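Trainee: give me a model of this one.
(chains A and B)
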Amino acid sequence: MEGVVSRPDLWANFIWPAYALTLVGLVGLLVWAYISMRSAEKRADEVKRK
Amino acid sequence: MHRYANPARFLKIARVATPIVALLGLALTAAGLWIGLFASPPDYQQGESVRIMYVHVPAAWLGAGGYLSLAIASATALIWRHPLATIAARAIAPAGAAFTAICLVSGALWGKPTWGTYWVWDARLTSMLVLLFLYLGYLALSASEAEKGGEGRAAAILALVGVINLPIIKYSVEWWNTLHQGSSLSVVNASSKIAPELLTPLLLSVAGFSFLFAAIVLMRMRAMLAQQRIEARSRRMAEALA
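Mentor: Take a look at the predicted model:
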């Protein structure tokens, strides 16, 4: 695994930056969608109880 | 279809489906990217840079496919006034814009070692950039309409007008002499010019990204429906106090 990460051909071909940006984008989108859903549903439940 | 347009019924299904779809998406994406990075061989012509395909191609398909579903949801909202259609369209737009942006950035990173440049005003690249602008236009317009309490009709019309860009994206590599290569996979003919060792991780990534896209849309729809419940309850309380 370590040998693969440090492979110069994967850096030279922008493989790591492309994967890193994609994963940051996907995970960021998932986390944002999850947090906004949880907080909205929590607020809706609180308003319903009032 | 009308049966599932009921928000309460939709929420019942969405609460069960969301974690399943999200976990499937994470597992398939992890498997696809892992095989693509560590187990699949380099391409005989492109060498190692072919590995960008495992993130670029699924992102491109979902960017374009997401726009088609945005347009279908918008048409449904305009024609049948389904209560969930506008919410679905508004939930699809940010995910579609993000996948289109991922496609453009990963494509630029592939272009540098392959073509010697990050960007050219090639028909495929330019039409994908126009797709991103259409998403951003839809997001801005629907947010402004939602703020004013509108139904999102202007944004829905913009989404429908933008559909003209989808065949341009698809056939740009055939209609014009482009730097971008032609399609290697055909869903219609179920044919592929890609070797099975490279096709397996690609299909896993496509499936994984699709499930993640669906999970994001489901979560956004649930958030918007909860927001609607809060607003409706606040209005009722204000009316009762008045």
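Trainee: before we move on, what SS does B:Ser183 have?
Mentor: Following DSSP: H, G, I helix; E, B strand; the rest coil, we place B:Ser183 in the coil state.
Trainee: hang on, it packs against B:Val173?
Mentor: Yes: counting by C-beta atoms under 8 Å, B:Val173 is a contact partner of B:Ser183 at 6.8 Å. No exception for glycine: its C-beta is placed from N, CA and C like everyone else's.
Trainee: okay, now the unreliable bits of the chain?
Mentor: Looking at chain A here, since you left the chain open. Scanning chain A with the threshold set as pLDDT under 70 gives A:1-8.
Trainee: right idea, wrong chain: chain B
Mentor: Within chain B, the stretches with pLDDT under 70 are B:1-4, B:186-190.
Trainee: go through stretch A:13-26 and flag the buried ones.
Mentor: A:13-15, A:18-19, A:21-22, A:25-26 (16 or more other C-beta atoms under 10 Å in any protein chain shown).
Trainee: so which of those residues are in helices?
Mentor: A:15, A:18-19, A:21-22, A:25-26 (DSSP state H).
Trainee: what about the longest helix in chain B?
Mentor: Longest helix in chain B, counting by DSSP H: helix B:196-241.
Trainee: in JSON lines, list the buried residues of stretch A:13-26 along with distance to chain B.
Mentor: Output for those, formatted as JSON lines (distance: C-beta to the nearest C-beta, whole Å):
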{"residue": "A:Asn13", "distance to chain B": "4"}
{"residue": "A:Phe14", "distance to chain B": "4"}
{"residue": "A:Ile15", "distance to chain B": "5"}
{"residue": "A:Ala18", "distance to chain B": "4"}
{"residue": "A:Tyr19", "distance to chain B": "6"}
{"residue": "A:Leu21", "distance to chain B": "6"}
{"residue": "A:Thr22", "distance to chain B": "4"}
{"residue": "A:Gly25", "distance to chain B": "5"}
{"residue": "A:Leu26", "distance to chain B": "6"}
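Trainee: looking at those, which is nearest B:Tyr44?
Mentor: Among these, A:Asn13 lies closest to B:Tyr44 (C-beta to C-beta), at 14.9 Å.
Trainee: quick one: contacts for that closest one?
Mentor: Contacts of A:Asn13 were listed using C-beta atoms under 8 Å, 6 or more residues apart in numbering or on different chains, and they are B:47-49, B:51-52, B:113.
Trainee: how about the strands in chain B?
Mentor: Listed in chain order, the strands of chain B (DSSP state E) span B:185-186, B:191-192.
Trainee: same check, this time on chain A
Mentor: Going by DSSP E, chain A shows no strands.
Trainee: near chain B, which residues of it?
Mentor: A:4, A:9-10, A:12-15, A:17-19, A:21-22, A:25-26, A:29-30, A:33-34, A:36-37, A:39-41, A:43-44, A:47-48, A:50 (C-beta under 8 Å from any C-beta of the partner chain).
Trainee: for the residue nearest to B:Gly182 when sequence neighbours are not counted, grab the count of nearby residues.
Mentor: Closest residue to B:Gly182 apart from its sequence neighbours, by C-beta to C-beta, 6 or more residues apart in numbering or on different chains: B:Val173 at 4.7 Å. By other C-beta atoms under 10 Å in any protein chain shown, the residues close to B:Val173 number 17.
Trainee: quick check: B:Val173 touching B:Leu179?
Mentor: No: look at B:Val173 against B:Leu179 with C-beta under 8 Å: they stay out of range, at 9.5 Å.
Trainee: quick one: residues contacting the nearest residue to B:Lys112 once chain neighbours are set aside.
Mentor: Nearest residue to B:Lys112, sequence neighbours excluded (C-beta to C-beta, 6+ apart): B:Tyr118, at 5.2 Å. Residues near B:Tyr118 by C-beta under 8 Å, 6+ apart: B:108-109, B:111-112.
Trainee: so which of the residues you listed wins on neighbours?
Mentor: Neighbour counts for those (other C-beta under 10 Å) peak at B:Leu109, which has 24 neighbours.
Trainee: surely that residue and A:Ala12 touch.
Mentor: No: B:Leu109 is beyond contact range of A:Ala12, at 11.5 Å (criterion: C-beta under 8 Å).
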